[in-house]
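Engineer: Structural data only, the sequence is not supplied:
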(Lines give C-alpha, C1' and ligand atoms only; values in the text may rest on other atoms or scores of the structure.)
Protein backbone atom coordinates (compact mmCIF):
# COMPACT_ATOMS: atom_id res chain seq x y z
CA UNK A 1 0.00 0.00 0.00
CA UNK A 2 1.22 3.47 -0.85
CA UNK A 3 0.41 6.82 0.73
CA UNK A 4 0.22 10.29 -0.73
CA UNK A 5 -0.02 13.48 1.33
CA UNK A 6 -1.77 16.29 -0.47
CA UNK A 7 -2.89 19.85 0.14
CA UNK A 8 -6.44 20.62 -0.97
CA UNK A 9 -7.67 24.13 -1.61
CA UNK A 10 -11.05 24.88 -0.04
CA UNK A 11 -11.23 28.56 -1.06
CA UNK A 12 -8.89 31.45 -1.83
CA UNK A 13 -7.74 31.65 1.79
CA UNK A 14 -8.05 28.08 2.99
CA UNK A 15 -5.98 24.96 2.29
CA UNK A 16 -6.24 21.68 4.21
CA UNK A 17 -4.09 18.55 4.39
CA UNK A 18 -5.17 15.11 3.30
CA UNK A 19 -3.60 11.65 3.26
CA UNK A 20 -4.46 9.13 0.55
CA UNK A 21 -3.97 5.43 1.31
CA UNK A 22 -3.64 3.73 -2.06
CA UNK A 23 -4.06 -0.07 -2.16
CA UNK A 24 -1.39 -2.09 -3.92
CA UNK A 25 -3.98 -3.57 -6.26
CA UNK A 26 -6.40 -0.67 -6.60
CA UNK A 27 -8.96 -1.24 -9.36
CA UNK A 28 -10.50 2.25 -9.20
CA UNK A 29 -13.84 0.83 -8.11
CA UNK A 30 -14.39 2.05 -4.52
CA UNK A 31 -13.12 4.93 -2.43
CA UNK A 32 -13.91 5.81 1.17
CA UNK A 33 -13.46 9.35 2.48
CA UNK A 34 -13.12 9.62 6.26
CA UNK A 35 -13.66 12.85 8.22
CA UNK A 36 -12.56 13.35 11.81
CA UNK A 37 -14.70 14.31 14.80
CA UNK A 38 -14.94 17.70 16.51
CA UNK A 39 -12.20 17.18 19.09
CA UNK A 40 -9.60 15.43 16.94
CA UNK A 41 -7.85 15.75 13.61
CA UNK A 42 -7.16 13.22 10.86
CA UNK A 43 -4.24 11.77 12.84
CA UNK A 44 -6.55 10.48 15.56
CA UNK A 45 -5.64 6.79 16.20
CA UNK A 46 -9.14 5.53 15.39
CA UNK A 47 -9.32 7.48 12.12
CA UNK A 48 -5.82 6.30 11.18
CA UNK A 49 -6.74 2.69 11.96
CA UNK A 50 -9.78 2.87 9.68
CA UNK A 51 -7.78 4.65 7.00
CA UNK A 52 -5.05 2.00 6.85
CA UNK A 53 -7.02 -1.16 7.44
CA UNK A 54 -9.87 -0.41 5.04
CA UNK A 55 -7.31 0.50 2.36
CA UNK A 56 -5.83 -2.95 2.93
CA UNK A 57 -9.15 -4.32 1.65
CA UNK A 58 -8.51 -2.73 -1.75
CA UNK A 59 -10.41 0.52 -1.18
CA UNK A 60 -8.83 3.91 -1.82
CA UNK A 61 -9.07 5.70 1.54
CA UNK A 62 -8.73 9.45 1.95
CA UNK A 63 -8.67 11.27 5.29
CA UNK A 64 -8.42 15.03 5.71
CA UNK A 65 -8.43 17.89 8.18
CA UNK A 66 -11.15 20.47 8.53
CA UNK A 67 -9.77 24.05 8.43
CA UNK A 68 -9.99 24.73 12.17
CA UNK A 69 -7.76 21.75 12.95
CA UNK A 70 -5.43 22.54 10.08
CA UNK A 71 -4.99 25.97 11.62
CA UNK A 72 -4.57 24.70 15.17
CA UNK A 73 -7.88 26.00 16.49
CA UNK A 74 -10.12 24.10 18.91
CA UNK A 75 -13.59 25.36 18.00
CA UNK A 76 -15.06 23.82 14.86
CA UNK A 77 -15.72 25.97 11.82
CA UNK A 78 -19.24 27.02 10.89
CA UNK A 79 -21.20 24.24 9.21
CA UNK A 80 -20.99 26.01 5.85
CA UNK A 81 -17.18 25.95 5.98
CA UNK A 82 -17.13 22.29 7.03
CA UNK A 83 -19.45 21.39 4.17
CA UNK A 84 -17.38 23.46 1.74
CA UNK A 85 -14.35 21.45 2.82
CA UNK A 86 -16.19 18.20 2.19
CA UNK A 87 -17.06 19.37 -1.33
CA UNK A 88 -13.46 20.37 -2.06
CA UNK A 89 -12.14 16.97 -0.96
CA UNK A 90 -14.73 15.09 -3.01
CA UNK A 91 -13.92 17.21 -6.06
CA UNK A 92 -10.21 16.47 -5.62
CA UNK A 93 -10.95 12.74 -5.68
CA UNK A 94 -13.44 12.89 -8.54
CA UNK A 95 -11.06 14.82 -10.78
CA UNK A 96 -7.88 12.87 -10.10
CA UNK A 97 -6.80 11.46 -13.50
CA UNK A 98 -5.15 8.34 -12.05
CA UNK A 99 -7.13 7.49 -8.90
CA UNK A 100 -10.72 8.68 -9.35
CA UNK A 101 -12.99 5.72 -8.49
CA UNK A 102 -16.26 4.54 -9.94
CA UNK A 103 -17.98 4.96 -6.58
CA UNK A 104 -17.29 7.09 -3.50
CA UNK A 105 -18.52 6.41 0.02
CA UNK A 106 -18.52 9.28 2.52
CA UNK A 107 -17.92 8.62 6.20
CA UNK A 108 -16.91 10.29 9.40
CA UNK A 109 -16.59 10.19 13.13
CA UNK A 110 -19.35 12.17 14.85
CA UNK A 111 -19.23 15.74 13.46
CA UNK A 112 -17.41 14.59 10.33
CA UNK A 113 -20.11 12.07 9.49
CA UNK A 114 -22.90 14.52 10.22
CA UNK A 115 -21.38 17.05 7.80
CA UNK A 116 -21.04 14.32 5.17
CA UNK A 117 -24.75 13.59 5.43
CA UNK A 118 -25.58 17.28 5.16
CA UNK A 119 -23.68 17.76 1.88
CA UNK A 120 -25.38 14.67 0.45
CA UNK A 121 -28.75 16.05 1.56
CA UNK A 122 -27.97 19.27 -0.30
CA UNK A 123 -26.20 18.51 -3.58
CA UNK A 124 -23.41 15.92 -3.43
CA UNK A 125 -23.63 12.49 -5.05
CA UNK A 126 -22.33 9.50 -3.07
CA UNK A 127 -22.49 5.72 -3.18
CA UNK A 128 -23.37 5.59 0.51
CA UNK A 129 -22.86 7.16 3.94
CA UNK A 130 -21.13 5.55 6.92
CA UNK A 131 -21.40 7.02 10.42
CA UNK A 132 -18.83 6.02 13.02
CA UNK A 133 -20.90 7.26 15.94
CA UNK A 134 -23.59 9.64 14.67
CA UNK A 135 -24.21 12.61 17.04
CA UNK A 136 -27.99 12.31 17.08
CA UNK A 137 -28.36 14.95 19.79
CA UNK A 138 -26.25 16.93 22.28
CA UNK A 139 -25.57 15.14 25.60
CA UNK A 140 -28.75 14.95 27.73
CA UNK A 141 -30.71 16.94 25.14
CA UNK A 142 -32.75 14.34 23.34
CA UNK A 143 -35.26 17.00 22.31
CA UNK A 144 -32.70 18.48 19.91
CA UNK A 145 -32.47 15.80 17.26
CA UNK A 146 -30.27 16.21 14.21
CA UNK A 147 -32.44 14.27 11.77
CA UNK A 148 -34.40 16.72 9.62
CA UNK A 149 -32.02 16.49 6.65
CA UNK A 150 -32.28 12.70 6.39
CA UNK A 151 -35.54 13.05 4.50
CA UNK A 152 -33.54 14.52 1.60
CA UNK A 153 -31.03 11.64 1.42
CA UNK A 154 -31.59 8.88 -1.11
CA UNK A 155 -28.50 6.68 -0.62
CA UNK A 156 -27.86 3.78 1.73
CA UNK A 157 -26.58 4.62 5.20
CA UNK A 158 -24.69 2.53 7.76
CA UNK A 159 -24.82 3.64 11.38
CA UNK A 160 -22.21 2.07 13.69
CA UNK A 161 -23.16 3.03 17.23
CA UNK A 162 -22.18 2.14 20.79
CA UNK A 163 -24.82 1.29 23.38
CA UNK A 164 -23.33 3.78 25.89
CA UNK A 165 -23.11 6.74 23.53
CA UNK A 166 -24.40 9.87 25.33
CA UNK A 167 -24.85 11.59 21.97
CA UNK A 168 -27.10 8.92 20.50
CA UNK A 169 -30.13 7.43 22.18
CA UNK A 170 -30.45 4.20 20.22
CA UNK A 171 -34.21 3.96 20.65
CA UNK A 172 -34.60 7.45 19.19
CA UNK A 173 -32.22 6.59 16.35
CA UNK A 174 -34.36 3.56 15.55
CA UNK A 175 -37.60 5.55 15.70
CA UNK A 176 -36.46 8.62 13.79
CA UNK A 177 -34.09 7.13 11.23
CA UNK A 178 -33.68 3.34 11.07
CA UNK A 179 -37.40 2.47 11.11
CA UNK A 180 -38.39 5.54 9.11
CA UNK A 181 -36.03 4.72 6.23
CA UNK A 182 -35.87 0.90 6.34
CA UNK A 183 -34.74 0.58 2.72
CA UNK A 184 -31.79 2.90 3.28
CA UNK A 185 -30.62 2.74 6.90
CA UNK A 186 -28.71 -0.10 8.56
CA UNK A 187 -27.67 -0.14 12.22
CA UNK A 188 -24.71 -2.05 13.61
CA UNK A 189 -24.34 -1.95 17.40
CA UNK A 190 -21.10 -2.11 19.37
CA UNK A 191 -22.23 -3.55 22.70
CA UNK A 192 -20.94 -1.48 25.60
CA UNK A 193 -19.31 1.12 23.36
CA UNK A 194 -19.33 4.82 24.17
CA UNK A 195 -19.21 7.64 21.61
CA UNK A 196 -15.64 6.67 20.72
CA UNK A 197 -16.39 2.94 20.98
CA UNK A 198 -14.50 2.66 24.25
CA UNK A 199 -15.60 -0.22 26.48
CA UNK A 200 -15.72 -0.73 30.21
CA UNK A 201 -12.94 -2.97 31.54
CA UNK A 202 -15.47 -5.59 32.61
CA UNK A 203 -16.28 -6.19 28.94
CA UNK A 204 -12.90 -7.96 28.70
CA UNK A 205 -12.42 -6.99 25.07
CA UNK A 206 -9.48 -5.25 23.43
CA UNK A 207 -9.67 -1.96 21.57
CA UNK A 208 -8.12 -3.64 18.55
CA UNK A 209 -10.91 -6.22 18.41
CA UNK A 210 -13.57 -3.50 18.47
CA UNK A 211 -11.87 -1.45 15.78
CA UNK A 212 -11.31 -4.62 13.75
CA UNK A 213 -15.03 -5.38 13.95
CA UNK A 214 -15.83 -1.89 12.68
CA UNK A 215 -13.46 -2.31 9.73
CA UNK A 216 -14.96 -5.71 8.88
CA UNK A 217 -18.55 -4.43 9.08
CA UNK A 218 -17.68 -1.38 6.97
CA UNK A 219 -15.94 -3.43 4.29
CA UNK A 220 -18.72 -6.01 4.10
CA UNK A 221 -21.40 -3.33 3.87
CA UNK A 222 -19.63 -1.41 1.10
CA UNK A 223 -19.24 -4.57 -0.96
CA UNK A 224 -22.44 -6.34 0.04
CA UNK A 225 -25.58 -4.32 -0.69
CA UNK A 226 -26.85 -4.23 -4.26
CA UNK A 227 -26.27 -0.51 -4.79
CA UNK A 228 -28.21 0.37 -7.93
CA UNK A 229 -26.79 3.84 -8.41
CA UNK A 230 -25.11 6.70 -6.67
CA UNK A 231 -27.48 9.13 -5.05
CA UNK A 232 -28.12 12.81 -4.78
CA UNK A 233 -30.63 14.68 -2.66
CA UNK A 234 -34.29 13.81 -2.93
CA UNK A 235 -36.58 16.52 -4.24
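Structural biologist: That came through fine. Given the structure is predicted, the values throughout are model-derived calculations rather than measurements.

Engineer: Chain neighbours aside, what residue packs nearest to the most centrally placed residue in the chain?
Structural biologist: Centroid check for the chain by Cα atoms, centre = their mean gives residue 107 as the closest residue, at 1.6 Å. Among residues not flanking residue 107 along the chain, residue 130 sits closest, at 3.7 Å (Cβ to Cβ, 6 or more residues apart in numbering). Any C-beta I mention is one placed from the backbone N, CA and C, and that applies to glycine too.

Engineer: Could you give the bridge partners of the residue nearest to the centre of the chain?
Structural biologist: For residue 107, the beta-bridge partners are residue 34, residue 130 (DSSP bridges).

Engineer: Distance check, it against residue 204.
Structural biologist: To residue 204, residue 107 is 29 Å away according to Cβ to Cβ, to the nearest Å.

Engineer: Residue 97 too?
Structural biologist: For residue 97, the distance to residue 204 - Cβ to Cβ - is 49 Å.

Engineer: and the spatially closest residue to residue 17 that is not a sequence neighbour, how many residues sit next to it?
Structural biologist: Spatial nearest neighbour of residue 17, excluding adjacent residues (Cβ to Cβ, 6+ apart): residue 65 at 5.2 Å. Per other Cβ atoms under 10 Å, the neighbour tally for residue 65 reads 22.

Engineer: ok, now residue 11?
Structural biologist: Other residues within reach of residue 11 by the criterion other Cβ under 10 Å amount to 11.

Engineer: Now for the closest residue in space to it that isn't next to it in sequence, which secondary structure element holds it?
Structural biologist: Spatial nearest neighbour of residue 11, excluding adjacent residues (Cβ to Cβ, 6+ apart): residue 84 at 6.8 Å. For residue 84, the host element (DSSP states H and E) is helix 79-94.

Engineer: Need the pLDDT of residue 233.
Structural biologist: Predicted confidence (pLDDT) for residue 233: 49.

Engineer: What ranges does this structure have for its helices?
Structural biologist: Per DSSP state H, the chain carries helices over the ranges 45-55, 67-70, 79-94, 111-122, 170-173, 207-223.

Engineer: Let me see the contact set for residue 218.
Structural biologist: By Cβ atoms under 8 Å, 6 or more residues apart in numbering, residue 218 lies in contact with 32, 50, 54, 107, 130, 158, 160.

Engineer: Quick check: of the residues you listed, which lies closest to residue 136?
Structural biologist: Relative to residue 136, the closest of these is residue 160; by Cβ to Cβ it sits at 13.1 Å.

Engineer: Hmm, residue 110 and that closest one touching each other?
Structural biologist: No: applying Cβ atoms under 8 Å as the test, residue 160 and residue 110 come out as separate, 11.5 Å apart.

Engineer: quick revisit: quick one: which of the contacts of residue 218 is most hemmed in?
Structural biologist: residue 130 (29 neighbours).

Engineer: my guess is it meets residue 30, correct?
Structural biologist: No: taking contacts as Cβ under 8 Å, residue 130 lies outside contact range of residue 30: 11.9 Å.

Engineer: and the gap between the residue nearest to residue 17 and residue 112?
Structural biologist: From residue 65 to residue 112 the distance is 10 Å (Cβ to Cβ).

Engineer: Common neighbours of these two, please.
Structural biologist: Residues touching both residue 65 and residue 112 (Cβ under 8 Å, 6+ apart) are residue 36.
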